[in-house]
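[1] Turn this into a structure:
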Amino acid sequence: MHKYRLIAGSAMLAAASVLLQIFKIAIPWGVMDIDLVGVSWLIATFLFGLTGGLLTSLVAAIGIAIFAPSGFVGALMKFLATGIMVLIVGVVGKTVGFNRKGTVVAFAACLVARPVLMTLFNYYLGIPLFFGMPTELAIAEFPPELFLIPNAILAAIDFWVAYALVFGTNLKARIE
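    Just a heads-up that it's a prediction; the model follows:
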């Protein structure tokens, strides 16, 4: 794939992600939102590999930090949450591909990694930075399900919407 296609595609997908965050197309769930911001990051990963996914993620996170109301903390948390999925999908795609086995492995890994890591990141990073609450108090005040469930839902939405848009429409074949 030509590098200009990777750069232009990643930039457009990052812009779409920032717009989804700015215009807050989301369903509130506790302290977070169920949104489609990460879908474009995974579309970039499915289309352009790990490099495209990381480029889209980085550019979108910077845009979210600058333009979205959630600011730096929201951008950081989105980057950590979806960034782990980009890494998983990128590595699985490069090593196994997206046949049935690769897709199941990538999805299962995303479905475990995102909720677990984001629960830890919320307790030790997000809540202390965003609310100024010490970690010990955050653990006492917020049950883990508050982070596990919406992050599992977001992992499933981000993964399967991106997968359907890329492979269900033959977008990958058309771009290559």
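[2] and the nearest residue to residue 165 once chain neighbours are set aside, what helix or strand is that in?
    Of all residues not flanking residue 165 in the chain, residue 43 sits nearest, at 5.9 Å (C-beta to C-beta, 6 or more residues apart in numbering). Every C-beta, even on glycine, is put in place using the N, C-alpha and C of the backbone. For residue 43, the host element (DSSP states H and E) is helix 39-67.
[3] re the thing from before, isn't the residue nearest to residue 165 right next to residue 13, touching?
    Yes - applying C-beta atoms under 8 Å, one finds residue 43 in contact with residue 13, separated by 5.8 Å.
[4] Report the contact partners of residue 53.
    41-42, 44-45, 86, 89-90 (C-beta atoms under 8 Å, 6 or more residues apart in numbering).
[5] And the residue nearest to it when sequence neighbours are not counted, how far from residue 167?
    Distance criterion C-beta to C-beta, 6+ apart; nearest residue to residue 53, sequence neighbours excluded, is residue 45 at 3.0 Å. For residue 45, the distance to residue 167 equals 13 Å [C-beta to C-beta, to the nearest Å].
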